[in-house]
Each structure stands twice: as structure tokens, then as C-alpha cells.
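A.B. asks: Next come a sequence and a model predicted from it.
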Amino acid sequence: MADQETPTGIKQLIQSMAPEAPSVKEGIVTSASPLEVTLKNDAKMVLTANSLVVPRSLTDYQIEVDLETGAGSLISKTKTDGKHTHEELSGSDDGAHSHFLATFTVRDGVLMIHNALKKGDTVYLLAFNSGKQYYILDRKG
């Protein structure tokens, strides 16, 4: 009689080789640096940076941009240096002012995206590698 743990047919052999279905979990960021996430339904399960895969979209990162806009205004919150004249006054006593523009273009600029996970964020995680690793899918809300 064959052992029930040992696959005896091709179907059982293939099923035993199939990876387990990944499961989606919910967690709370308990520390941003170093990153730690506690699973919502299991407070004893604290995931550290070693077991977490964080996508770039949930970090602070820079991207190169070209920016082009139509008519609008450029607002300065700092005082101007040197001589500066305006056809129409649109500033304040501290030097802050605005300029009305026909167009505004930035080429080869760098934009800093601040989207890192913060303490208290609720995140969705995808468990894989038999629950040894978790991919953070996104934050809630």
C-alpha cells in the first residue's frame, strides 16, 4: 500500500510541485527606518526589511522631467537679488512676488518624489516564498 504522503500518479506529482497560491495580507508600518511592518491579524508577526520587497513607487526617488506649460504665473516666495522691475506690481512687502508668463519650460529637470512609507501607514502585502518574503503592493487610501 502506497504512503499517502508520497505522490503515486503523475497528477499528484504535478500538484505537489505546484507553487502555493500567494495570499494578500494587510499590515501596518510600525517603523519607517529601519522598515518594519506588523501584520494586522497577527501582532506577533513583525516583518523586517530583510523579508520585505518595496517597489520604487513607495519610496522617495528622483525622476528626470521635461516640463512645459501654457500661460500662467511663476510665484517666488524668496526675496529677489539685484535689480528687478515689474510693469505691474504683484508682490508683498517681504519681496515675495509673482510673474505672469506666456509659457514656461524646464528641460532635463529633476523632480523629487516624496512617497516613502511612514509609520502608521496601512499597506497591502503579497506573501510568497512560503511566507518568508512579502512584496508590498501599495498603501491603503
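C.D. replies: Cool, the structure landed.

A.B. asks: Point out where this protein drops to low pLDDT.
C.D. replies: For the chain, applying pLDDT under 70 flags the ranges 1-8, 12-13, 15-20, 76-96.

A.B. asks: Show me the residue sitting in the middle of this structure in space.
C.D. replies: Relative to the mean C-alpha position of the chain, the nearest C-alpha, by CA atoms, centre = their mean, is the one of Leu58, at 1.3 Å.

A.B. asks: Any figure for the gap between the closest residue to that residue other than its chain neighbours and Leu137?
C.D. replies: Counting by CB to CB, 6 or more residues apart in numbering, Leu58 lies nearest to Leu117, which is 5.6 Å off, once chain neighbours are set aside. All C-beta spots, glycine's among them, are computed from the backbone N, C-alpha and C. Leu117 sits 12 Å away from Leu137, taking CB to CB, to the nearest Å as the criterion.

A.B. asks: Quick check: neighbours shared by these two?
C.D. replies: Val123 (CB atoms under 8 Å, 6 or more residues apart in numbering).

A.B. asks: So these two - more neighbours on which side?
C.D. replies: Leu117 (20 against 13; other CB atoms under 10 Å).

A.B. asks: which ones are touching that one?
C.D. replies: Contact analysis of Leu117 by CB under 8 Å, 6+ apart lists 29, 32, 35, 54, 58-59, 123, 136, 139.

A.B. asks: Just the buried residues out of these, in PyMOL syntax.
C.D. replies: Burial among the contacts of Leu117 is assessed by 16 or more other CB atoms under 10 Å; the matching PyMOL selection reads:
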select buried, resi 29+35+54+58+123+136
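
A.B. asks: Of the contacts of Leu117, which belong to strands?
C.D. replies: Among these, the residues falling in strands (DSSP state E) are 29, 32, 35, 123, 136, 139.
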